[in-house]
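K.L.:
sequence and predicted structure are below.
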Amino acid sequence: MGEIISKHAGLGALSSPTETGSVRPGAGPVLEVRGLTKSFFGIPVLEDAALKLHAGEVHGLVGENGAGKSTLMKVLAGVYQRDAGTVLLDGKEVHFSHPTQAHEAGLSTVFQEFNLLPDRTVAENIYLGREPRKGLLVNKARMNATTAELLESLGITSIKPTTAVRSLSVAEQQIVEIAKAISYDARIISMDEPTAALAGPEVELLYQIVRRLQERGTAILYVSHRLREIFDLCDTITVLKDGRIVDTRPAAELDDAALVRLMVGRPISAYFPDKLPRDEADEPLTETPLLALDNAGNEQLDGISLSIAPGEIVGVAGLQGSGRTELVQGIFGAAPFTRGTMRLDGTELLPKSPRQAIRARIALITEDRKAEGLSLNQSILDNALGVIRSVFPRSTGAVKQDIPGVFSALEVIARDLDQEVQYLSGGNQQKVVLAKWLAISPRVVLLDEPTRGIDVGAKIAVYRLMRQLAAEDKAVLMVSSELPEVIGMSDRIIVMRDGRIAGELPAGATEEQILQLGTGARPATNSTNNDDGAGGTNGSVRPEESNGTGENA
Amino acid sequence: MNKTRGDGSIFSRLSSTHIVYLVALLTLAVGSVLVATAGRSFFSPGNISSILTGTSVLGFIAIGQTLVILIGSLDLSVPYVTSLASLIAAGVMANNSANVLAGVLLALGVSALIGLFNGLIVSGLKVHGFIATLGMGLIISGYLATNFKGSFGQTPFSFRLVGATGLGPVPISTLIMLACAGLAMLLLHRTRVGHQIYAVGGNPNVARMSGIRIQTPVITAHVICSVMAGMAGLLLASRLGVGSPTVGSQGGYDLLSIAAVVLGGTLLAGGKGSITGTLGGVLIFAMMDNIMSVMQVNPFLKDVVRGIVIVVAVAVYARRRIVNRPLRFGHDGHSRQEMPGTEEAREVRA
Amino acid sequence: TTDPSVTEDPAGSAAASPEATEQEWFDQALYDEQFEQRTADFVGDPEKPYLQYIAGEMKDTSDLAVEGAQKVCFANASISNPWRQTGWITMNQQLKVLQDSGVISEMETRDAKDNDNTQIADIDYFIKEGNCDAFIISPNSTAALTPAVERACDTGKPVVVFDRGVETDCATTFIHPIGGFAWGIDSATFLSERLQEGDKVVALRILPGVDVLEHRWAAAEKIFTENGIEATDYFTGADPTEIKKIISDELATGDVQGIWMDAGDGAVAAIEAFEDAGKDLPVMTGEDEMSFLRKWKETGIDALAPVYSNFQWRTPLLALEKIFKGEEVPAEWVLPQEPIPADELDQWLELNEGMPDGHYAKFGGEDLPGYPEVWQERQMP
Amino acid sequence: MSRTLTPSDRSAVLQQNRAGRGERFLRALRTPGGAVFVLLVALLAAIIAVNPSFGEPNSFIRFIGRTAPIAIAAIGQYFVIVSGEFDLSMGSVVTMQVITAGNLIGDDDAKVIPVLLLMFVLGAFIGLVNGLVTTLLRVPSFIVTLGMMLALLGLVLFWTGGAAQGNPADSFRQIGRGGIEGVPVLEVIPYPVIILAAVAALAFWLMRRPYGRTLIAAGDNPTAAALTGAPVWWIKTRAFMLSSLAATVSGILLVGYAGVHPSVGRGYEFTAITAVVLGGVVLGGGRGWVLSAAAGAFALESLFTLLNFVGVQSTWRDSVQGAIIIVAVAAAAKTWQRKRKGTAAPAQEVQPPNKAEQSEHHNGTTAR
Ligand SMILES: Nc1ncnc2c1ncn2[C@@H]1O[C@H](COP(=O)(O)OP(=O)(O)OP(=O)(O)O)[C@@H](O)[C@H]1O
Ligand SMILES: Nc1ncnc2c1ncn2[C@@H]1O[C@H](COP(=O)(O)OP(=O)(O)OP(=O)(O)O)[C@@H](O)[C@H]1O
Ligand SMILES: [Mg+2]
Ligand SMILES: [Mg+2]
């Protein structure tokens, strides 16, 4: 394994392609996939998929939830075995039965699922299973040194190799995963929704990394649901639908609308649906806000004051770790507020537990479906009845009748209600979560990253639902890292920074305004273009950080 | 271990290992007082050596058990492996010092083989360690009960010395046990397979995705565990002078060792823990037994005390808040110093 | 072993040949000896069976004579079954007497919880730390404890071994009832007399590998085969549930004429199994445990209660009293061991009126302070 | 229900969304939970082949009767295991209850009812303690119940000096020993059979109630369960109470069947766990059916009986049992694997650890 490390010296100068001879101009594809087929007990997930990947090419792979993107990547990575088809690496057929073989062949992957050990250090995570050794013993010094080099070469100065991953922010954890994939010094790197957990600046960093790898001649297979990234980064785009390749085209030939059409198969009229008219039958709106927080706070938040009127959709923006999730978790009693007051429809209530909140008909669609939203081994039905059963057991019977209707309305795609949710794709799982909360007919709906990693179709379903809820005079609070979404859906936008509310913006605010509040920076150039923009941001971040970092000294 | 402390965070409290030794210290203090009231000295060479003797057998087994628990499995077959090893050793040696080496090697070899089977069943057949080793234990116990009626074989004087002699108050056996502990630590912290054990214990999928072949560490852990049980068997053979089909089960070492490991602050779920802690746990047990014997506590009550101590001690570690996130604000709401985490997050953005 | 002559090292010989793992518990010499001892006459007052012994080699202890109250250290194997518990209670009451009479200042006890290793450590602890004037040892197993007992002997203090023996005669005296073979002979002969050739006996045994118990079965098995009685043996762990299942299954497959037990613990369950299956009750041997005696009386079955004299728990302390006085004691103190036949049943039942089921009729503590409450409430320190 | 979604014809959708009973049954048989019934039938057939008289209604019903205690214990243990925990204190609870009955009731029929009540209170209390220490103090249940096992048995032995007074009044023992006489074919229906049937029915019903479903969900993913408002601590605690109560019932039956003895109930926890696992219930929680657990108990007992009849040397029985467990569970594991062939993450074994723990830090639920 020693040589891997030594190569990293070269990686230190990622930007200079000459150092690593891996660019073979004009050479054939590094990776070629032909007629790849994979099915999970009977149900085909990939059918006759074909793909060419050239050195130095960034190849976008898009498609709805359940299209088979992750599966394709996992087959390539040797996590799953393909049922049929050929995979050629440099023209030679390969068959990986274990991720190790893929690594050795120079193919590494950033998986969609979280893939680090929280209790191990960054270095230990990156070199897991291939630690540099002196004799029989692991050479920790060397391991940490090379890790530091690696991170530096990626422009990450802050993460220390000896830090336990647990104590990194979600964003940093994602960065470490990317670094890990790169550390294999692979010629092909597949990234499955690498930015799903990243906000602006980190995305910026990822852009730089991808571009450097590209210059260096690394071939990159890039999956994302954020079309903007696809267009920013990719040279070629392959669209996957229901396990089949719909089309592969140079990015230049496509635009958002065209791409979406390819993915969904039908044109999307309006991406963000318009407001729906209030139902006249309802009693006129009262002036009292449905939900009001006054100077609430806990260990993660401070001085939170906000109010949401019935029928209002309030968006919450902010950087990773700015405390958005804590905000909704506070309202929901999962990470209760220890200070301040909260009023629900005028009556004082500061939930100490989710149960209390749910009794008051507050719903929280959590950020992390698999870990916090679903019991993966239980059937769709059982998951959907979860809340009712644990909080309003008496009404179980009635609700049970509605469930199938709800699912068909949400267009959930599943074999039947007894299917275990672990076998659903992200989008469908999210719909199950939604159904579960609709069952209690909530008054306040909190959504944390409701569209994280779900496809256009599912996204639109979620947006429609939000509009519906608003039209029924519910209060909706949506946390999202996707600014277009926040802007497109919100009546008002709350921006958070370091556990405080940095400011509030009216509907139709620009991304710049939001970023400005979020980073506490002077207007930053829009995040799509290169380093110096972010550099500018940086320059101005420092002084204003005093409230946070100042006391660090 | 406990890298969690490594990042110099001001918030992370005492590691569980620290607490273990605090508890041990407490036991020591209470012990010396109680023993004094009984008109004895807790620190007299005789008493110390009797305590240490108490640590060695359980110590060996607990060391192995630690590895197995770290990787997220369990080993309930240890008592029977111990008995079997003692029988093989005593049988082969047959009171002839020429056979000592052969006896030792054979005993450990067979133990390793059993460990191998355990490991294969757990990692290959995907049988929960609890069941796999429960079953293996039953299989061996059946064999023992059928083929060995009472004590068997005899260990030569030279071999018996191991269990009998000591440097001052410190028995040789304890020293050997500590040596094994040292090796186990080296394995865990300075070798690949050691890191893999933590990794697989922490999360098998992540380990696999990172290109670790799960089998290797699982089997290694189980083999070492059984070998350690074998060592315990050898020690017993040397102390008893004969092999016995019941020495292992007599001690109830299966559950006791698991208790000791958890008492030592190792996560029963795996992925987190240390040999150092385990040694602490073993020491606590040994001291408790010693104290209660000196106090002539009713044998039935001894178990009551043991049971309560185990639960209370583990409850103490469990109370500690899992430090995974820096606090931003105190209860007064004044913003606190930030942990590297969030601070770095900002720099990364730059 | 309660049996002295298991002093030749079975291990050494066994180890020589691998296939010798199948140890042969039967030992003709020992069998014959104990056969005789059953009818031998005992020196001493029959009113005090716990002081009786078979005339034989005596040990002169004049050099061990001492003045004043002495401290005794008792390394006990365990009190993990009713028989040992009863004995332990008796022993403590006996201790009180000797403390009052100023023979013994205190008795420090360590309980090894059935663990050889622990008991070895206990003995070593006594030697180093106990400042004991005398040792009483009830070995948890024969071979394993031998070296430790020898170490105790090396202190030059009196050492009394009782119940199970060790492979050394360094002890001042070794106290035990006649032994396992005698038990086997009494019980098996009884059954054989009552049953015809070809009849079936189910032998309920507690666990394998314990010499005391193995000898009982070794003798019985011999006698059964001699008399052409078909005996199948099971290990029950003395768990009534197991016993009942075993008998039920046996009765499901065919009739059973006799029940043989290597310890009376759980005998009741065996009888009840017959009752529940609606079969006629068997001829049976149990033990002098109250539960059995009572069930025996209640059902009026044809039975015998072999005895493994529980009163031997008094003897060690009394032996020490003699030794401290310098009086001679038997080198091997063989106590009487008489089964309870049907005609003595009532007498023993009323003698132990109100005792718990786990109590043993021949505990021999009737004259001790605290009788009967202490035994009825099973008070132990 | 919110007006957000008003499907045209609900019942119609329900039909198309739910697989037919028959199909679901077949699907069930192919899971370990179903397979155990097949195994059971096979074993019984084997026994009858070896010893036809066993097949007679009377001796068969008696067999069910004597298996009732362990089956009930298994049902109790099931609740704890499916919620992702262990109950090692079961055996000690049985012993405690047996001794309690022996010492407190004596020959006094009048005492039967009050003592019976006392026993249930004791059982519930022990379960409560196990549960609260596990859920609120966050001590792994393996350790909590191990401690309870030691402490409880020690206390009982200390209290009784190791041996009980004697068997309680026959009226009490009848519960475990007697039965309804003069039944046509069967001659007798032992009370234990009836009690087992009742307990099984109760358990089955309970598992289809919201409580049961939530219990499984909590065993599957405590974090998610807590975030759906389930009071995980109280749900699991109740599981422990059910377990101890089941142990109490088996204790009562055993007093009748076997009589009072300190060794009654020894090793019950392991037998029960083995039975549950044999029933295809996954250690770690979230999978398995309660009746399969009971079936597991019967399979185990049949196995022993078979060995008895075949005349296997009783010392070999452990070995056979050990081998069978391993094989059975290995087979089960294979089935689950086949079921989710290719899944990277068999989720009931591991969930993304740090996420789990993060939220553990948010809300007091113990992630396994
Ligand atoms: N281990 C598995 N067992 C059974 N079905 C699976 C498994 N993994 C994926 N599937 C199914 O295969 C299909 C494709 O899943 P995959 O995760 O590849 O989609 P995706 O394109 O990555 O979706 P997303 O954008 O939500 O990640 C989905 O319908 C999913 O239900
Ligand atoms: N350093 C960290 N260590 C552990 N958990 C963290 C860390 N940072 C964030 N989290 C968890 O990740 C989630 C995100 O919380 P965070 O404070 O980052 O608010 P956020 O702005 O919503 O960030 P996100 O975009 O991830 O939702 C929360 O569950 C939080 O507990
Ligand atoms: Mg995916
Ligand atoms: Mg969030």
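P.N.:
Now that the structure is in, tell me what you want to look at. Ligands and ions are numbered 1, 2, ... in the order given.

K.L.:
show me the contacts for residue D:260.
P.N.:
C:357, D:98-99, D:101-102, D:164-168 (C-beta atoms under 8 Å, 6 or more residues apart in numbering or on different chains). In short, each C-beta sits where N, CA and C put it, glycine included.

K.L.:
and residue A:306, which of the three is it?
P.N.:
Secondary structure of residue A:306, reduced to three states by DSSP: H, G, I helix; E, B strand; the rest coil: strand.

K.L.:
count of neighbours near it?
P.N.:
19 (other C-beta atoms under 10 Å in any protein chain shown).

K.L.:
tally of neighbours for residue 184?
P.N.:
All of this is about chain A. By other C-beta under 10 Å, neighbour count at residue A:184 equals 22.

K.L.:
wait, I meant chain D there
P.N.:
Residue D:184 has 6 nearby residues by other C-beta under 10 Å.

K.L.:
pLDDT score for residue B:297?
P.N.:
If you check residue B:297, the pLDDT there is 92.

K.L.:
so the residue lying closest to it once chain neighbours are set aside versus ligand 3, what's the distance?
P.N.:
Of all residues not flanking residue B:297 in the chain, residue B:305 sits nearest, at 7.1 Å (C-beta to C-beta, 6 or more residues apart in numbering or on different chains). Residue B:305 is 54 Å from ligand 3, where distance means C-beta to the ion, to the nearest Å.

K.L.:
right, and residue B:305 touches residue B:292 too?
P.N.:
Yes. Assessed by C-beta atoms under 8 Å, residue B:305 is found in contact with residue B:292 at 6.4 Å.

K.L.:
pLDDT weak spots in the stretch 351-500 of chain A?
P.N.:
In the prediction, the stretch 351-500 of chain A carries no residues with pLDDT under 70.

K.L.:
which helices and strands does the helix or strand hosting the residue nearest to residue B:297 pack with?
P.N.:
Using DSSP states H and E, residue B:305 sits within helix B:299-319. On a contact count with 3 or more C-beta pairs under 8 Å, 6 or more residues apart in numbering or on different chains; DSSP states H and E, helix B:299-319 meets helix B:16-37, helix B:253-263, helix B:275-294, helix D:141-160.

K.L.:
again, only using 6 Å
P.N.:
Other elements packing on helix B:299-319 under the criterion 3 or more C-beta pairs under 6 Å, 6 or more residues apart in numbering or on different chains; DSSP states H and E are helix B:16-37, helix B:253-263, helix D:141-160.

K.L.:
what about stretch A:133-152, near chain B?
P.N.:
Yes. Counting by C-beta under 6 Å from any C-beta of the partner chain, chain B has neighbours in stretch A:133-152: A:137-138.

K.L.:
quick one on the thing from earlier: any residues touching the helix holding residue B:305, and which ones?
P.N.:
B:16, B:19, B:23, B:259, B:262-263, B:265, B:292, C:111, D:137-139, D:143-144, D:147, D:150-151, D:154-155, D:157-158 (C-beta atoms under 6 Å, 6 or more residues apart in numbering or on different chains).

K.L.:
would you single out the least confident of the helices and strands packed on helix B:299-319?
P.N.:
Looking at the helices and strands packed on helix B:299-319, the weakest mean confidence is helix B:16-37, a mean of 88.

K.L.:
circling back: tell me which of the helices and strands packed on helix B:299-319 sits most buried.
P.N.:
helix B:253-263 (a mean of 27; mean count of other C-beta atoms under 10 Å in any protein chain shown).

K.L.:
and the angle for it with helix D:141-160?
P.N.:
Helix B:253-263 runs at 120 degrees relative to helix D:141-160, counting by axes from the mean of the first three to the mean of the last three C-alpha atoms, to 10 degrees.

K.L.:
residues contacting helix B:253-263, please?
P.N.:
Under the contact criterion C-beta under 6 Å, 6+ apart, helix B:253-263 has outside partners B:61-62, B:65-66, B:69, B:76, B:78-79, B:268, B:278, B:281-282, B:285, B:310, B:313-314, D:143, D:146.

K.L.:
and that helix with helix B:16-37, angle?
P.N.:
Using the same axes, to 10 degrees: helix B:253-263 against helix B:16-37 is 110 degrees.

K.L.:
give me the pLDDT for residue A:516.
P.N.:
So, for residue A:516, pLDDT stands at 80.

K.L.:
just give me the neighbour total for residue C:346.
P.N.:
Residues near residue C:346, counting by other C-beta under 10 Å: 11.
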